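> Everything below, folded, please.
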Amino acid sequence: MSHHFDYPQDETEDITDAFCFAGAAGLLGPRTVFGVNTSPLHGAPWNPAAMYELKVDTDGDLVEDITWRATFPIGSDGTQHVRVEQLTGAAATDRTATGRIITPPDCPVGEVVECHHGIKLFAGQRRDPFHNFIPFPVATTKALAAGTFPDFDALRPAHDDFANTSVRSFVLEVPVEVTGLGPLNFWATTAYFDQGHDTWVQLQRAAAPNMTTFFDFASGSAQVKDYNSTVPAIDLLGRPDNPATDPASGIWGQVRDNIAAVVEAGDTYDKGPHAFPTARAYGAWAADALLPNVITFVPGTFACWNRWHGTKNGKGVAEDIASNIIKMVVNQDFSSGLEAGPLLDHFPYVSPPPGS
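From the prediction side, this is the model:
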């Protein structure tokens, strides 16, 4: 489960995954793909009253400088359309602000659409590219909560529990003229309007895999009641000046200490390419690799999210993401042995839904 099954009440606003990688270069240079999948298992249509957002920080301060906000109104004939606004500067952080609409009127779902600024859009039902054997992340979650070491071999053979399932994909391919060539931080969110309090409420935030399914930040030491409603800057609060030795708090502290307890139980903290003298020191290295919870990417470069093997640039749709974060938790070169399902070699890269 990359971000599957930390269910909100409305599963159409449940983010299953976020991804960012290089698209096909254009005549004017690199293009970057930003995408979010929602509505796990069946790919039910989007909630017309919700916002689905792609957020990009271009200056490294963990505050979004560009937001692409998708909404999905339903026309008088019952047809659902997609409407995407581009918001920049202070407006990118404000759900009450308005931006430039980059989509044509009554923009169709299920089709590739050319938008303003040379941006390509696809919004539609797709095959879920995520692949995983659910007992592996379940065992990892239990180990992090209890401070034990998971026995993955006892759970094999593995099969893909997400094979032939569907999601709803909102994908943009954006030219470098819009984003710049420098490193980007990317994350995705969903939000709904709380009529009782007359405000927009962020329901989900996603970037790195499994952060909200592996770690119980509400009941754990972080004591963050609703991590999904927060912003990336909160992830580093509580990180001490001497992270390998000193007490820590907040999201960063819980990630460090939960992982430290796992590698202490498994006696793996001083083994392999990431050997450290103490479990806490390994946990600090892992927390720094996983947080803040954004996908960092340099436009025009190869994307791969495999931090245990030293690559942390973007995040593609074919990667064994669940295995790659489990490596970080156990400090071992873990693999599920599963392979990605069919993908496209062109935009929008994610395949049509099963049976289509």
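
> dump the residue contacts of residue 283.
Applying C-beta atoms under 8 Å, 6 or more residues apart in numbering to residue 283 gives the contacts 255, 256, 257, 258, 259, 260, 261, 263, 269. Every C-beta, even on glycine, is put in place using the N, C-alpha and C of the backbone.

> For the fourth one, give its distance to residue 330.
Looking back up the chat, that one is residue 258. 12 Å (C-beta to C-beta, to the nearest Å).

> Determine the residues that are contacts of both of these two.
Common neighbours of residue 258 and residue 330, using C-beta under 8 Å, 6+ apart, do not exist here.

> Those two - which one has more neighbours?
residue 258 (24 against 20; other C-beta atoms under 10 Å).

> thinking that one is in contact with residue 215, fair?
Yes: between residue 258 and residue 215 a contact is recorded at 6.4 Å, counting by C-beta atoms under 8 Å.

> what do these two both touch?
Joint contacts of residue 258 and residue 215 (C-beta under 8 Å, 6+ apart) are residue 144.

> now that we have the contacts of residue 283, which one has the most neighbours?
residue 255 (32 neighbours).

> show me what contacts that one?
Counting by C-beta under 8 Å, 6+ apart, residue 255 touches 215, 283, 286, 287, 290, 291.

> same question, residue 10
Residue 10 makes contact with 47, 50, 192, 203, according to C-beta under 8 Å, 6+ apart.

> Tell me, how many residues neighbour residue 294?
Using other C-beta under 10 Å, the number of residues around residue 294 comes to 22.

> ok, for it, nearest residue in space, not its chain neighbours?
Nearest-residue entry for residue 294: residue 185, 4.1 Å, with adjacent residues in sequence omitted and distances by C-beta to C-beta, 6 or more residues apart in numbering.

> For my notes, confirm the one you found occurs in a strand.
Yes: under DSSP: H, G, I helix; E, B strand; the rest coil, residue 185 falls within a strand.

> so it makes contact with residue 62?
Yes: between residue 185 and residue 62 there is a contact at 6.4 Å, judged by C-beta under 8 Å.

> what's the overlap in contacts for the two?
Common neighbours of residue 185 and residue 62 (C-beta under 8 Å, 6+ apart) are 232, 292, 294.
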